[in-house]
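Take a look and give me a structure for this.
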Amino acid sequence: MFEVDTIFFDVDGTLVDSSRDIANAMNYALVSLGFRKLSREEIVSHVGNGVKDLVRNCMGPAADEATVQKGSDLYWEYFMSHAVDETTLYPNAKEILDYFKDKRKIILTNRYKDFARATLTGLGIMHYFDYIIGGDDESCLKPNACIIDTVDPVLKIDRKRSLIVGDMDVDIMTGKNAGIKTCWVTHGLGKMEDIRHLGPDFIIEDLIELKKIIK
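Below you'll find the predicted structure:
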């Protein structure tokens, strides 16, 4: 166990299983623009590097940037009205947030802030978080440490007493790049072969195991 003042949490695949709502929003955008629908598994395989990257990869190389922007707008339109239609919290997510209610907790996601806020509010857990660091600036996304560096003057983060909890390689890489401890949770979208070589400081199967890590 080690002393922690600040816990950074990823959203999708870490706190919530949002794969169905993400797929529904993406397919709405695709069909609206004349593209074929994709399976949930195929769409989710492109999650992790922001909305435009998701749209671009789902549309394929034939889509120009104007079409990608239209797709992103349609995705936004749909998702903001259906953020928690089928999204659920992972087991013990709410319990662990409540257990660490006296710790500073920050959302660190490549989602747009509004998307993250809509999901967290809809699931009744937004009040646990002090701040959302989102992927609104496409030039500064995980795994680049700038996503933390840009808010550091405001949040005054003690990196020696901070931990990032995420399910994908970009989460672990972000922590390594920013000089903070890292925890990989295995129940999300990340694959062992993509993450083990990165050497996360901790690996857990259930969020409740954070009780054994954080003092």
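
Report the secondary structure state of Gly188.
Classification of Gly188 using DSSP: H, G, I helix; E, B strand; the rest coil returns coil.

Below-threshold pLDDT in this structure: ranges please.
Residue ranges of the chain with pLDDT under 70: none are present.

all strands of it, in order?
In the chain, the strands defined using DSSP state E lie at 6-9, 16-17, 88-89, 104-108, 131-133, 162-166, 181-185, 202-204.

mind putting those in CSV, distance to Ala23 and mean neighbour count included?
Every residue, glycine included, has its C-beta placed from N, CA and C. Formatted as CSV, those follow (distance: least, Cβ to Cβ, whole Å; neighbours: other Cβ atoms under 10 Å):
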stretch, distance to Ala23, mean neighbour count
strand 6-9, 22, 24
strand 16-17, 12, 22
strand 88-89, 14, 16
strand 104-108, 22, 21
strand 131-133, 23, 19
strand 162-166, 20, 26
strand 181-185, 21, 25
strand 202-204, 26, 16
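
Identify whichever of these lies nearest to Tyr75.
strand 16-17 (17.4 Å; Cβ to Cβ).

Neighbours of Asp98, how many?
By other Cβ atoms under 10 Å, 10 other residues sit near Asp98.

Correct me if wrong: it contacts His127.
No. Counting by Cβ atoms under 8 Å, Asp98 does not reach His127; the two are 10.4 Å apart.

Isn't Ile22 up against Val44?
Yes. Under the criterion of Cβ under 8 Å, Ile22 makes contact with Val44 at 6.8 Å.

So the two - more neighbours on which side?
Per other Cβ under 10 Å, whichever of Ile22 and Val44 has more neighbours is Ile22, with 26 against 20.
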